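[1] Starting from these lines, generate the structure:
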Amino acid sequence: MTGIQKKQRLLTMIFGAFAIFFTGYPHVWSIYQPYVMEQAGWSQGQASMCFYLALSTFVFGNIVGGRMQNRFKEKTIVWIGGGIFAAGILASAFLIVPTPFPMYLSYGVMQGFGQGMIYTVILATVQRWFPDRTGFASGVVVTANGLCGFFLAPLSRKLLEAEGVQKTFLIIGAAIAVSWILCGIFFQAPDKSLVNAGGSAAKSGTSEMKQYTSGEMMRTRNFYLLLATMFFGLISYFMVSPVSQTYQIDLGIPSAVAVSAVMLGSIVNAGARLVLPTLADKVGRIVCIKGVLIVAVIAMGVLAVSRSLAVTVAVVLMYGCYGGIMGSFPSLTSSIFGMKHTGENYGFVMFGIVFATFGAPAISGLVSSNGYELNAQVGIPAKLSDTGVTDEYFAQMTEDAMKSGNIAVNPQKTVHEHIK
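    Have a look, this model is predicted:
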């Protein structure tokens with residue numbers, strides 16, 4: 001790789017991560033929600049739908065953006081997706097009206113879909129620049145996403161108090177537009193000659209790995225194992241996160257400690273997105289994800305039975321587990337199904353997020369309606385996560401990948417030894 005190519009690789013990662021930073025914007029919606037409800041006269045359910053629409057359409061944007069890579073240049077998709085994203089936020093400033101549907105279209109659909117388009121393209125392209133360090137490359141990008149809430153939450157709160165909702169949307173929307181334009185200018189995909197399609201398999205001396213299309217991927221058992229693993233890994237976070245602060249305070253834990261747990265959790269979340277995928281480049285992706293699920297089970301068990309400050313530690317660990325799953329799955333998907341169609345493929349795997357997002361409140365509502373307390377609610381995802389940590393479960397995934405040549409095989413090891 002020449003000096004110019006190394007510089008282009010660095011610029012692509014930096015400005016790609018800058019654009020990805022703002023894809024975490026929907027996660028600070030809870031700060032905006034009271035202001036929008038007051039100004040527009042919406043109910044809490046109407047306001048919450050903005051968040052759920054953004055999260056759901058994000059997945060579809062990933063799929064469309066990934067599929068467009070077969071016909072268009074990556075830079076073109078960044079321009080289109082980033083434009084939709086920025087326009088959606090800027091338009092939202094003028095759509096805080098009694099009827100919520102215009103805001104659903106701008107903040108929900110346009111934001112989520114545009115974010116998804118650029119997210120998958122940037123993630124896939126950065127991985128292709130680092131074919132032998134895909135975990136590190138994807139970790140840097142998704143860490144930027146995780147840091148969004150840490151920085152934009154306090155900034156948004158100050159802007160909302162000082163300037164109101166409309167000006168806040170305009171200011172944040174302008175910042176998003178700047179990140180989109182800079183990314184569009186400096187973003188560049190590597191030459192095909194630089195991309196080692198075999199990735200780690202070629203590095204290990206095995207045959208070139210199969211490059212699955214999304215249709216081929218969905219006909220494999222591994223796809224559904226990945227989908228289930230993401231669901232089991234994330235549902236505990238989605239069940240705990242909305243009530244973590246209230247739950248701690250109800251147990252008698254000081255309010256300041258409960259708030260600090262959320263802030264520290266955001267830092268651990270972002271750190272796990274970088275550290276775990278980078279570590280997985282060395283020790284293996286499946287074993288790292290298995291470790292995350294084990295930690296999630298332990299943390300949820302503590303939340304279910306403890307009444308001490310151990311609950312606060314468990315909350316912080318849950319944030320870290322969420323970051324570990326979100327940081328590890330892009331490179332895990334490409335290591336099993338290949339790099340060529342990784343953008344679209346990961347978009348389909350991300351349906352695990354959708355299932356967890358809507359499954360968590362459904363399970364919580366069902367449990368609470370039957371008279372069970374909050375500790376019973378947090379105990380359920382511990383059992384669900386435990387479903388995903390058995391050796392046999394991961395052995396199936398590893399065995400399938402070994403058969404297709406997408407995980408390097410050591411003839412001296414059994415299937416179970418490959419995942420440890």
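[2] use CA for all of it now, contacts and neighbours both
    Noted.
[3] Identify each buried residue in stretch 91-105, please.
    For stretch 91-105, burial by neighbour count (16 or more other C-alpha atoms under 10 Å) applies to Ala91, Ser92, Ala93, Leu95, Ile96, Val97, Pro100, Pro102, Met103, Tyr104, Leu105.
[4] So the closest residue to the third one other than its chain neighbours versus Gln46, what's the distance?
    Think Ala93. Closest residue in space to Ala93, ignoring its immediate chain neighbours: Gln166 at 4.5 Å, by C-alpha to C-alpha, 6 or more residues apart in numbering. Remark: distance between Gln166 and Gln46 (C-alpha to C-alpha, to the nearest Å) = 18 Å.
[5] How about Phe351?
    Distance, Phe351 to Gln46, by C-alpha to C-alpha: 23 Å.
[6] Could you do Met218 as well?
    34 Å.
[7] Ok, Val275 next?
    From Val275 to Gln46 the distance is 38 Å (C-alpha to C-alpha).
[8] quick one, helices of the stretch 251-400 of the chain?
    Ranges of helices in the stretch 251-400 of the chain, per DSSP state H, counting those that start in this stretch, are 255-283, 285-305, 310-337, 342-349, 351-369, 374-387, 391-404.
[9] Identify the residues contacting the residue nearest in space to the middle of the chain.
    For the chain, Met326 is the residue whose C-alpha lies nearest the centre (C-alpha atoms, centre = their mean; 4.1 Å). Contact analysis of Met326 by C-alpha atoms under 8 Å, 6 or more residues apart in numbering lists Val142, Arg273.
[10] Just the pLDDT at it, thanks.
    Listed pLDDT for Met326 reads 85.
[11] now do Gly88
    97.
[12] just Asn406 next, same as before
    pLDDT at Asn406 comes out at 52.
[13] before we move on, which element is Arg219 in?
    If you go by DSSP states H and E, Arg219 is not part of any helix or strand.
[14] Distance of it relative to Ser179?
    38 Å.
[15] can you pull the contacts of the nearest residue to Phe94 once chain neighbours are set aside?
    Nearest residue to Phe94 in three dimensions, chain neighbours excluded: Gln166, at 6.8 Å (C-alpha to C-alpha, 6+ apart). Gln166 is in contact with Ser92, Ala93, Phe94, counting by C-alpha under 8 Å, 6+ apart.
[16] Am I right that the first one is in contact with Gly108?
    No - applying C-alpha atoms under 8 Å, one finds Ser92 not in contact with Gly108, separated by 9.5 Å.
[17] Could you list the low-pLDDT ranges of this structure?
    Where the chain drops to pLDDT under 70, the residues are 193-208, 242-243, 367-420.
[18] How is it divided into domains?
    Annotated domains of the chain cover 3-194, 199-418 [automatic domain parsing].
[19] thinking again about what came up before, so between Val275 and Gln46, which is more surrounded?
    The residue with more neighbours, out of Val275 and Gln46, is Val275; 19 against 16, by other C-alpha atoms under 10 Å.
[20] State whether the more buried one and Val140 are indeed in contact, as I suppose.
    No - counting by C-alpha under 8 Å, Val140 is not a contact partner of Val275; they are 9.0 Å apart.
[21] Restricting the selection to alpha carbons, write the strand or helix carrying the residue nearest to Ala93 to CSV.
    Using DSSP H and E, Gln166 sits within helix 165-186. Extracted in CSV, the C-alpha atoms of helix 165-186 (Å, rounded to 0.1, in the frame of the first residue of the first chain):
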residue,chain,number,x,y,z
VAL,A,165,-36.9,22.9,20.0
GLN,A,166,-36.9,24.6,16.5
LYS,A,167,-33.5,26.3,16.8
THR,A,168,-32.0,23.1,18.4
PHE,A,169,-33.1,21.1,15.4
LEU,A,170,-31.6,23.6,13.1
ILE,A,171,-28.3,23.8,14.9
ILE,A,172,-27.9,20.0,15.1
GLY,A,173,-29.2,19.6,11.6
ALA,A,174,-26.6,22.0,10.3
ALA,A,175,-23.8,20.0,12.1
ILE,A,176,-25.1,16.9,10.5
ALA,A,177,-25.1,18.5,7.1
VAL,A,178,-21.4,19.6,7.7
SER,A,179,-20.4,16.0,8.6
TRP,A,180,-22.3,14.7,5.5
ILE,A,181,-20.5,17.1,3.2
LEU,A,182,-17.1,16.5,4.6
CYS,A,183,-17.6,12.7,4.4
GLY,A,184,-18.9,13.0,0.8
ILE,A,185,-15.7,14.9,-0.1
PHE,A,186,-13.1,12.8,1.6
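[22] mind exporting stretch 317-334 as CSV, just the C-alpha atoms?
    Coordinates of each C-alpha in stretch 317-334 appear next as CSV, following Å, rounded to 0.1, in the frame of the first residue of the first chain:
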residue,chain,number,x,y,z
LEU,A,317,-21.9,-3.8,32.6
MET,A,318,-25.1,-4.0,30.6
TYR,A,319,-24.2,-0.9,28.7
GLY,A,320,-20.8,-2.5,28.0
CYS,A,321,-22.5,-5.7,26.7
TYR,A,322,-24.6,-3.6,24.4
GLY,A,323,-21.6,-1.9,23.0
GLY,A,324,-19.7,-5.2,22.6
ILE,A,325,-22.6,-6.8,20.6
MET,A,326,-23.0,-3.7,18.4
GLY,A,327,-19.2,-3.4,17.8
SER,A,328,-18.6,-7.1,17.1
PHE,A,329,-21.4,-8.1,14.8
PRO,A,330,-20.3,-6.2,11.7
SER,A,331,-17.0,-7.9,11.5
LEU,A,332,-18.5,-11.3,12.6
THR,A,333,-21.0,-11.0,9.7
SER,A,334,-18.3,-10.3,7.2
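[23] can you redo the helices of the stretch 251-400 of the chain as TSV with distance to Leu226?
    Shown next, in TSV, are the helices of the stretch 251-400 of the chain (distance: least, C-alpha to C-alpha, whole Å):
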stretch	distance to Leu226
helix 255-283	16
helix 285-305	10
helix 310-337	8
helix 342-349	7
helix 351-369	8
helix 374-387	13
helix 391-404	8
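[24] Of all the ones you listed, which one is nearest Ala86?
    For Ala86, the closest of those is helix 342-349, at 20.9 Å, according to C-alpha to C-alpha.
[25] Touching that closest one from outside, list them.
    Residues outside helix 342-349 that contact it (C-alpha under 8 Å, 6+ apart) are 59-67, 120-121, 123-124, 213-214, 217, 223, 226-227, 330, 333-334, 337.
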